[in-house]
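Peer 1: sharing a model that was predicted from the sequence below.
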Amino acid sequence: MPKSKRNRPGISLFPISKDIEGLLLLDKMYLNYVDKKSVFTLSKTKKKGREHKESIVTSIRDAVEKYSSIYVFSFENMRNLKFKEFREQHKSTSRFFLGSNKVMQVSLGRSAADEVRPGLHKVSKLLRGDAGLFLTNLPREEVERLFNEYEEYDFARTGTTATETVELKEGPLEQFTHEMEPFLRKQGMPVRLNKGVIELVSDFVVSEEGKPLSPESARILRLLDTKMATFKLHLICRWSPEDFELYREGLDDSDVESA
């Protein structure tokens, strides 16, 4: 073989076909696309900044002028989907705000000196913990009825305090298919397969009333279709240009003024 035709470092003996060149080009284009996509995705995870907070403050202050009364409410076992449905039902007459208590307090004014309307600093001081604002044109009696009657049951999450003791007795668990045996065993249940039927080899306590649920207990209760969480809303106070009213027991005006 002539010297010019011999294998040289960095030179392939096999010429690259146009098809392979096309594939290499596609690979390069895909990698560029992934890089650009990654940059775009990361940019969406930026924390909400000053502009977002100022937007909320403006929205709340605009709503204060639009609606006739303002309520502070607390919530337990929040379920976002259920709350969204409740909010949609009343969007023609009312407005809800949830988020940073500090931002909502600034919106209303945290003292008599900077409150946007007389008496709103009392509302601001009650925005603590799991709380939100409800601004509405509905009559007081209607608001109280809506909040007092609202309850939604759901599956409890990890850490929720069990409302009842659930115990499964030794024997077959015919509500489960045989494919679930490995999963149930991973949740700590003493199970085995007996002729294609899952059975407990001993009694098993899933939850104990008054004790927090473990991740395993929460999963098993979901499989058993046992709901222990109740999503509820509680009124704390009501403000209108004419008066201010407290709903939470154990609080009075002096508590609010000194908070």
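Peer 2: Structure received.

Peer 1: can you pull out the strands in this structure?
Peer 2: Using DSSP state E, the strands assigned to the chain run over residues 69-76, 94-97, 131-136, 151-154, 166-168, 171-172, 191-194, 197-200, 204-207, 229-239, 244-246.

Peer 1: mind putting the ones you listed into TSV with mean pLDDT, distance to residue 219 and mean neighbour count?
Peer 2: Where you see a C-beta, it was placed from the backbone N, CA and C, and this is true even at glycine. Below are the strands of the chain laid out as TSV (pLDDT from 0 to 100; distance: least, Cβ to Cβ, whole Å; neighbours: other Cβ atoms under 10 Å):
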stretch	mean pLDDT	distance to residue 219	mean neighbour count
strand 69-76	96	22	21
strand 94-97	96	32	18
strand 131-136	96	30	21
strand 151-154	92	14	14
strand 166-168	96	13	15
strand 171-172	95	20	12
strand 191-194	94	14	14
strand 197-200	95	15	18
strand 204-207	97	10	20
strand 229-239	95	14	19
strand 244-246	96	41	16
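
Peer 1: so which of those strands gets nearest residue 51?
Peer 2: Smallest distance to residue 51 across those (Cβ to Cβ): 17.3 Å, for strand 94-97.

Peer 1: per-domain residue ranges of this protein.
Peer 2: According to the TED database, the chain comprises the domains 54-155+231-246, 160-226.

Peer 1: re earlier: can you redo the strands of the chain as a markdown table with distance to residue 124?
Peer 2: A markdown table is the format used below for the strands of the chain (distance: least, Cβ to Cβ, whole Å):
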| stretch | distance to residue 124 |
| --- | --- |
| strand 69-76 | 9 |
| strand 94-97 | 12 |
| strand 131-136 | 10 |
| strand 151-154 | 28 |
| strand 166-168 | 43 |
| strand 171-172 | 58 |
| strand 191-194 | 54 |
| strand 197-200 | 54 |
| strand 204-207 | 39 |
| strand 229-239 | 10 |
| strand 244-246 | 12 |
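
Peer 1: how about residue 133: what's its closest non-neighbour residue?
Peer 2: residue 97 (4.2 Å; Cβ to Cβ, 6 or more residues apart in numbering).

Peer 1: how about residue 69?
Peer 2: residue 240 (4.5 Å).

Peer 1: quick one: low-confidence parts of the protein?
Peer 2: Across the chain, residues meeting the criterion (pLDDT under 70) sit at 1-48, 249-259.

Peer 1: any idea how far the residue nearest in space to the middle of the chain lies from residue 154?
Peer 2: The centroid of the chain falls nearest to residue 80 when counting by Cα atoms, centre = their mean (5.4 Å). Distance, residue 80 to residue 154, using Cβ to Cβ, to the nearest Å: 11 Å.

Peer 1: please report how far residue 143 lies from residue 98.
Peer 2: 17 Å.

Peer 1: compare the two (neighbour count), which wins?
Peer 2: It is residue 143, of residue 143 and residue 98, that has more neighbours when counted by other Cβ atoms under 10 Å, with 20 against 17.

Peer 1: ok, the more buried one - contacts?
Peer 2: Residues near residue 143 by Cβ atoms under 8 Å, 6 or more residues apart in numbering: 69, 71, 134, 136, 235, 238.

Peer 1: isn't the last one up against residue 138?
Peer 2: It stands for residue 238. No. The criterion here is Cβ atoms under 8 Å, and residue 238 misses it with residue 138 at 11.2 Å.
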